[in-house]
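A.B. asks: Structure for the following, please:
(one chain, ligands or ions: 1)
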Amino acid sequence: MDVIEVFKTMQYGPAPESSAAANAWLEDHQRKFGLFINNTWKYPGDADYLTSYNPATGEKLADTVQAGQKEVDEAVAAAREAFQSWSITPGPVRARYLYAVARNLQKHSRLLAVLESMDNGKPIRESRDIDVPLLARHFYYHAGWAQLMETELRDYQPVGVVGQIIPWNFPLLMLGWKIAPAIAMGNTVVLKPASYTRLTALLFAEIIAEAGLPPGVVNVVTGSSKAGTMIVTHPDIDKIAFTGSTDVGRILRRQTAGSGKKLSLELGGKSPFVVFEDADLDGAIEGIVDAIWFNQGQVCCAGSRLLVQENVAERFIDKLKVRMGHLRVGDPLDKSIDIGAIVDQTQWDTIDKWVQTGVREGGSLFQPKIEMPAKGCFYPPTLITGLDPAAETVQEEIFGPVLVSLTFRTPAEAIELANNTRYGLAASVWSENINLSLDVASKIKAGSVWVNSTNLFDAASGFGGYRESGFGREGGREGLFEYLRPAWQERPRPDLELPGAEPGKSTWGNHTPDRPIQPGDSSTNGKKALSVNRTPKMYIGGKQVRPDGSYTRAVLGPKRELVGQVGDGNRKDIRDAVEAAHAAHTAKPGWAMRHGYNRSQILYFIGENLDARRDEFARRIADMTGCSQQAARAEVEMAIGRLFTYAAWADKLGGVVQETTLRGITVGVNEPVGVIGIACPDESPLLALVSLMAAAIARGNTVIMIPSEKYPLSATDFYQVLDTSDVPPGVVNIITGARDHLTKTLVEHEDVDAVWYFGTAEGSYHVEYESAANVKRTWVNYGIPRDWSSLEQGVGHEFLHHATQVKNIWVPTGE
Ligand code: NAP
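C.D. replies: Numbering: from 1, shown residues only. Have a look, this model is predicted:
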């Protein structure tokens, strides 16, 4: 076709990017790669190799090692050795290294982009203009944090050796999102790329070595999921950072449970793309193209659920079908194609199976009549309409170029549909009405919300999920905390013989209620029960209620004398408390929706009322624990101080305007996590309860508190303080009883968003293990007591971090 003909038809001609440099690089390595450990290639003599293919052409690209235990051990040892010096290398020096890496990545950007497209099948336009520039951006951005760490993050230390496991959809980008913050903060890394896409991680390894990064700081180990397991379970790994499917995320949560390893999970999604009647419909159509056909829809945050307001739905879908007819599917190295190849035939088959399911579920299938390549792994852009919101195809992640579409009538219905998913990774909201779009953005439960835009990313803004899309953030200041631990804290190494039986089958948390305590009972050292027999109560929904089972527990003093009784809670009490905690969110205004000023006033009021009864609370602590009156008074005083501290924080942690590359505003909002179950320790029974409760409710969470099992009377006395402090019903619920028994019900409860557990090492293991079912956030102490009176350990950012999750709302401005 000549230029005149092109002008006549206005058709695109082919504009292929050359693969010569990438092929030359592969040839230089004889198309056979070892593992990258200590900045050198290791070719284990007895290793198996896996062949990588170009999914667009089927041609062989190279063979890579399937690492085994010996190789994983070697890589972890290299990273451990490097950690000794890298972790104490001054931040500004580390910054220079990251800067050099970023510069070097830019120098090799074309080679990186071409190889990425050949290995993964993504259009060169995307690898060249998005993946590789963003990769470099992450190293520049985090070079900045390395520079500033000593002043801005001086209360923190690196975590140690980090195992990082990444998926195949953005091989380079995922690697950059993980490696840059980890090494900036002084950690060293063992990274395993996904099996379909190993090659650019190996090229990256060469590039960082060329940039002079010291040996062992970053090690790349290729291997199957078995090698992944070896990394995850390796005793000398301090943290696992994982991006991939929710199912594998759950496995990793269970495998790391109780080990003291930090864990961050970036998992799947089924993100809503919401179009209101007043949206710029043509703009929204282009948004859809980016949302679901970017990277062939193999994007965790793909806008794969289209929700359109009913009165414009028909027009919108007609326009969309026309636009789909203009999409070009073809050679990923051709600069003028829109949709490249699916990563592998297995993934193609999965996508196709989902499409057939959608049809079986009653959906109408639309695939435009466009030219498709004669060979290679290509799937046409696909739209399925007319499905039920509960259909599997609407609920499950397809991870391909398949859009499902539903309609709604009102904004309230749009929000309900948008949140009708177990995921919570991202959302896109289209409306010309700023009030509406921002209101909807604030009500959708997702880590990133794009207003009149989609799939915007930047290193300065954290990315990550709510609910079963995982926890932890990558990018922004918020993402750094995944690679840091408080300076005072040693890596927990619980001395725990991990129970052989699966938690479901173990006896942990089983409990037989005490028999009722009688006056003069011999189990109480012969001392008489209290003269006035108070009926022990729970505190649920703002009311003191009798325990469901009517059982009680004796509270004994240091000489085993009876100092009181409390109710012995059961599953039903916990379920009632969870219901009350949820109701406190949906009340109007819900606790989270109240402004911080209001929450702070209530916290100050609790402090005031505790202060009025300080002597009584001090006496109780001394009676229960046997500590001196002076120590007990100091504990009460500190508890009052904590209430004032979190009253202060109630209106001072709203969020920040992130300095991203977007022309517009990216607002990082610190949202509450939701309903939090909190099991309190035995040490400092009042102070610990107040510190944990106040941090959580200050930031808009509602809580179910399980007080110290041994010393619960400070909590039951606290009911009256709460009753007189204007705390709305259900914001704080208190269930006394056997800590592990009650925690078990909490952690198994689907409507609990997070569990904080301060108990035993074994209990910590079970909490982390069971939390995998709905990917709850957890905070556990692995049986290690902390000093609640200390300013480092008993209060501060660590508490606020666990009480919040960051949502980033992107609002482009201007033309
Ligand atoms: P995947 O099957 O979960 O695999 C991800 C990585 O984990 C791969 O390196 C894989 O190795 C490894 N792996 C698999 N099973 C493992 C195990 N039992 N133990 C340790 N490692 C194991 O996910 P994928 O199919 O590659 O990627 C697609 C998923 O990633 C989608 O669900 C997508 O939404 C999600 N994702 C999320 C984000 C985010 O930021 N939230 C970003 C991108 C993708 P092999 O490749 O060798 O099997």
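A.B. asks: Going by residue numbers, what spans are helices in the stretch 701-815 of the chain?
C.D. replies: For the stretch 701-815 of the chain, helices defined by DSSP state H, counting those that start in this stretch occupy the ranges 713-723, 739-748, 761-771, 797-803.
A.B. asks: Where does residue 669 fall, secondary structure wise?
C.D. replies: According to DSSP states H and E, residue 669 maps onto strand 664-672.
A.B. asks: And the contacts of that strand?
C.D. replies: For strand 664-672, the external contacting residues (C-beta atoms under 8 Å, 6 or more residues apart in numbering) are 442, 456, 458, 460-462, 476, 478, 592, 653-658, 660, 699-701, 800, 803-814. C-beta: built from backbone N, CA, C; applies to glycine.
A.B. asks: again, but for stretch 277-289
C.D. replies: Residues from elsewhere that reach stretch 277-289 (C-beta under 8 Å, 6+ apart): 273, 275, 303, 306, 309, 311-312, 315-316, 319-320, 323, 327, 338, 403, 428, 430-433, 436, 452-454.
A.B. asks: Where helices are concerned, which of those residues count?
C.D. replies: Taking DSSP state H as the definition of helices, those contribute 311, 312, 315, 316, 319, 320, 323, 436.
A.B. asks: Show me which residues of this structure sit near the ligand.
C.D. replies: With C-beta under 6 Å from any ligand atom as the criterion, the chain meets the ligand at residues 165-169, 192, 194-195, 224-225, 228-229, 232, 243-245, 248, 251, 266-269, 300, 397, 399, 425, 465, 469-470.
A.B. asks: Quick check: the gap between the residue of the stretch 651-800 of the chain found nearest the ligand and residue 697.
C.D. replies: Going by C-beta to the nearest ligand atom, the ligand is nearest to residue 775 of the stretch 651-800 of the chain, at 11.4 Å. Distance, residue 775 to residue 697, using C-beta to C-beta, to the nearest Å: 23 Å.
A.B. asks: What is the burial count for residue 512?
C.D. replies: 9 (other C-beta atoms under 10 Å).
A.B. asks: what's the spacing between it and residue 709?
C.D. replies: 14 Å.
A.B. asks: Over to residue 619?
C.D. replies: Residue 619 is 21 Å from residue 709, by C-beta to C-beta.
A.B. asks: for residue 653, same thing?
C.D. replies: Distance from residue 653 to residue 709, by C-beta to C-beta: 31 Å.
A.B. asks: neighbour count winner among these two?
C.D. replies: Neighbours per residue, other C-beta under 10 Å: of residue 653 and residue 709, the larger number sits with residue 709, 22 against 16.
A.B. asks: quick one, what contacts the more buried one?
C.D. replies: 682, 737, 738, 739.
A.B. asks: let's go with 6 Å and repeat that
C.D. replies: residue 739 (C-beta atoms under 6 Å, 6 or more residues apart in numbering).
A.B. asks: quick one: contacts for residue 373?
C.D. replies: By C-beta under 6 Å, 6+ apart, the contact set of residue 373 is residue 330.
A.B. asks: what does the model give the residue lying closest to residue 171 once chain neighbours are set aside for pLDDT?
C.D. replies: In space, and not counting its chain neighbours, residue 171 is closest to residue 197: 4.0 Å by C-beta to C-beta, 6 or more residues apart in numbering. Here, the pLDDT recorded for residue 197 equals 98.
A.B. asks: how far away is whatever residue of the chain ends up closest to the ligand from residue 269?
C.D. replies: Per C-beta to the nearest ligand atom, residue 228 is where the chain lies closest to the ligand, at 2.3 Å. Look at residue 228 and residue 269: by C-beta to C-beta, they are 21 Å apart.
A.B. asks: go on, residue 346?
C.D. replies: 21 Å.
A.B. asks: hang on, the earlier thing: what would the helices of the stretch 701-815 of the chain look like in CSV with mean neighbour count and mean pLDDT?
C.D. replies: As requested, these are arranged in CSV below (neighbours: other C-beta atoms under 10 Å; pLDDT from 0 to 100):
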stretch, mean neighbour count, mean pLDDT
helix 713-723, 21, 97
helix 739-748, 24, 98
helix 761-771, 25, 97
helix 797-803, 19, 97
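A.B. asks: Export those to a markdown table and append columns for distance to residue 491.
C.D. replies: Formatted as a markdown table, the helices of the stretch 701-815 of the chain follow (distance: least, C-beta to C-beta, whole Å):
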| stretch | distance to residue 491 |
| --- | --- |
| helix 713-723 | 31 |
| helix 739-748 | 23 |
| helix 761-771 | 14 |
| helix 797-803 | 15 |
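A.B. asks: Can you say which of these is nearest to residue 362?
C.D. replies: helix 739-748 (34.3 Å; C-beta to C-beta).
A.B. asks: rewinding a little: now for the closest residue to the residue of the stretch 651-800 of the chain closest to the ligand other than its chain neighbours: which residues touch it?
C.D. replies: Once flanking residues are discounted, residue 775 sits nearest to residue 468: 4.6 Å by C-beta to C-beta, 6+ apart. Going by C-beta under 6 Å, 6+ apart, residue 468 touches 246, 422, 423, 775.
A.B. asks: Among these, which pair sits farthest apart?
C.D. replies: 423 and 775 (9.6 Å).
A.B. asks: Where do the helices of the stretch 51-200 of the chain begin and end?
C.D. replies: Taking DSSP H, counting those that start in this stretch as the criterion, the stretch 51-200 of the chain carries its helices at 69-86, 91-107, 109-120, 124-126, 132-152, 171-184, 199-210.
A.B. asks: how about the ones you listed, which one is nearest residue 493?
C.D. replies: Between the helices of the stretch 51-200 of the chain, helix 69-86 lies closest to residue 493; by C-beta to C-beta that is 14.4 Å.
A.B. asks: coming back round to it: just the ones of the residues of the chain next to the ligand in strands?
C.D. replies: Mapping the residues of the chain next to the ligand onto strands (DSSP state E) picks out 165, 192, 243, 266, 470.
A.B. asks: Now distance to residue 559, pLDDT and neighbour count too, for these, in CSV please.
C.D. replies: What follows is those, written out as CSV (distance: C-beta to C-beta, whole Å; pLDDT from 0 to 100; neighbours: other C-beta atoms under 10 Å):
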residue, distance to residue 559, pLDDT, neighbour count
165, 54, 98, 24
192, 57, 98, 27
243, 55, 98, 28
266, 53, 98, 29
470, 49, 98, 29
